[in-house]
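Any chance you could fold what I've pasted below:
(one chain, ligands or ions: 1)
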Amino acid sequence: MPATRTLDPAAVRADFPILSEPVGGQPLVYLDNAASAQKPERVIRAVDHYYRHQHANVHRGIHELGRRATEAYEDARARVAAFIGADPDEVVWTRGTTEAINLVAGAWGIDSLDEGDEILLTTMEHHSNIVPWQLVAARTGARLRYLEMDDEECLRLDMLDEVLTDRTRLLAVTHVSNALGTVNPLAALIEAAHAAGALVLVDGAQAVPHMQIDVHALGADFYALSGHKMFGPTGIGVLWARRELLEEMPPYHGGGEMIRVVRRESSTWADVPHKFEAGTPNIAGAVGLAAACDYLTEIGMDAVQAYEHEVVRYAYECLSAMEGVRVYGPRDPANRAGVVAFTMDEAHPHDISTVLDSRGIAIRAGHHCAQLVMEHCGVAATARASFAFYNTREEVDRLVQAVEAVRRIFA
Ligand code: C6P
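Presented below is the predicted three-dimensional model:
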């Protein structure tokens with residue numbers, strides 16, 4: 001096996017123009033990467049180049065620019081597919097994870113589920129992996145069940161026998177929790193769900209920026225991701241699905257580009273993945289996301305993972321050692337990626353975030369679109385520091401000093 005590459009934080013920081021821009025007169029400490037990550041020069045340039053030299057609509061015009069745009073768009077699909085170990089025709093462009101999950105719910109869910117069928121979710125899910133299934137359940141009569149968390153905010157695999165039944169048609173589970181950083185044991189979950197005859201949808205929004213993903217090796221049926229969390233543009237994401245599922249599923253949206261022939265009463269569909277891509281797509285977004293994937297490949301996801309692991313472990317250790325601070329999620333750093341969420345006895349998360357902001361530190365405070373996680377933890381909100389490979393131990397030190405300042409202010 002090749003040795004893990006090492007990551008030079010100073011070198012990668014120089015690739016991100018916004019990181020060297022002072023905020024409110026002080027150096028920026030950006031710890032809100034789970035909400036959206038910053039963009040390297042490579043991505044900014046790729047989008048700029050596309051609009052300056054390649055833009056027209058795709059799969060339509062028989063002219064030079066139409067050819068250039070189509071080539072750039074389909075080449076981007078192939079590069080993003082390679083980044084996640086997929087075949088290009090299994091990669092459907094979406095606006096992001098939310099739309100990817102809604103696509104599966106609206107196409108596969110509405111078409112395949114009946115009264116009494118069960119959809120297994122977990123209490124760790126982002127609302128994007130709960131609400132679409134509630135909508136499907138209301139329309140089909142399917143029932144929602146939940147796999148619970150234990151007191152370290154890890155999924156309770158011991159409950160699987162109870163909640164996976166012969167009526168379970170789908171397990172929809174996050175790879176990494178956006179509110180806790182918990183990395184879920186997907187191999188065991190997928191094996192159990194498949195043994196019960198259920199398909200598995202993985203919400204990969206918070207995993208792809210932090211670790212190498214190979215969708216074929218993972219063995220799930222659907223995998224959803226957002227470009228903007230992995231250093232690409234906003235408004236672009238991917239639904240990966242096994243090819244035969246994409247072939248079987250009816251279209252999600254109707255319109256231009258997704259058809260083969262349109263007659264007065266009915267139409268036939270284009271081949272996958274185009275069957276799911278109605279209307280003019282986010283071409284520049286696709287181009288930018290491919291540039292982000294190339295950039296990450298050059299740095300090496302093994303290097304990203306190893307480097308971040310140390311920074312996140314350090315942040316967890318410093319914060320959990322502070323008096324009056326409660327940190328959520330797994331204690332074992334091997335089961336955590338990207339996130340350290342905490343509350344303080346003295347101050348509300350919004351107050352923590354406000355004080356940190358006054359010191360140039362950006363975190364997120366609130367329920368993080370994961371209200372079932374908050375319910376489990378018995379709080380209304382947490383303060384969440386979320387990391388990328390450009391964050392440093394020195395930034396963790398600044399975070400910890402700022403949290404000390406919060407205590408002094410509110411004690
Ligand atoms: N979480 C956060 O601050 P979109 O908005 O479609 O790109 O991603 C939705 C989504 C789905 N699943 C998970 C696990 C997520 O973390 C997110 C987005 C952001 O945690 C914004 S709420």
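
gap between the closest residue to residue 21 other than its chain neighbours and the ligand?
Computed as Cβ to Cβ, 6 or more residues apart in numbering, the closest residue to residue 21 that is not its neighbour in sequence is residue 28, at 6.5 Å. Heads up, the C-betas are built off the backbone N, CA and C, glycines and all. In this view, residue 28 and the ligand are 18 Å apart by Cβ to the nearest ligand atom, to the nearest Å.

And residue 280, by the same measure?
Taking Cβ to the nearest ligand atom, one finds residue 280 at 20 Å from the ligand.

hmm, back to that, surely the residue nearest to residue 21 touches residue 13?
No: Residue 28 lies out of contact with residue 13 (Cβ atoms under 8 Å); the separation is 10.6 Å.

what touches both of these two?
Taking Cβ atoms under 8 Å, 6 or more residues apart in numbering as the contact rule, residue 28 and residue 13 both touch residue 19.

ok, now which ones touch residue 240?
Applying Cβ under 8 Å, 6+ apart to residue 240 gives the contacts 81, 84, 86, 90-92, 215, 222-225.

now it, what's its secondary structure?
Look at residue 240: counting by DSSP: H, G, I helix; E, B strand; the rest coil, its state is strand.

and the gap between the closest residue to residue 324 other than its chain neighbours and residue 219?
Nearest residue to residue 324, sequence neighbours excluded (Cβ to Cβ, 6+ apart): residue 345, at 4.0 Å. Computed as Cβ to Cβ, to the nearest Å, the residue 345 to residue 219 distance reads 44 Å.

Of these two, which one has the most company?
When residue 345 and residue 219 are compared for neighbours, residue 219 comes out ahead with 15 against 11, by other Cβ atoms under 10 Å.

Report the separation between that one and the ligand.
As judged by Cβ to the nearest ligand atom, residue 219 and the ligand stand 20 Å apart.

Dihedrals phi and psi, that residue?
Backbone geometry at residue 219, expressed as degrees, to the nearest 10, gives phi 80, psi 10.

do the one 3 residues further on as well
With angles defined as degrees, to the nearest 10, residue 222 sits at phi -130, psi 140.

what sits opposite it in the beta ladder?
Judged by DSSP bridges, the bridge partners of residue 222 are residue 201, residue 241.

got the contact list for it?
When contacts are counted by Cβ under 8 Å, 6+ apart, residue 222 touches 100, 104, 199-202, 239-242, 245.

now the residue nearest in space to the middle of the chain, what's its secondary structure?
When Cα atoms, centre = their mean is applied to the chain, the residue found nearest the centroid is residue 205 (0.8 Å). Classification of residue 205 using three-state DSSP returns coil.

is stretch 332-345 anywhere near the ligand?
No: using Cβ under 6 Å from any ligand atom, stretch 332-345 stays clear of the ligand, coming no nearer than 8.5 Å.

buried stuff in that stretch?
Using 16 or more other Cβ atoms under 10 Å as the test for burial, stretch 332-345 gives 335-344.
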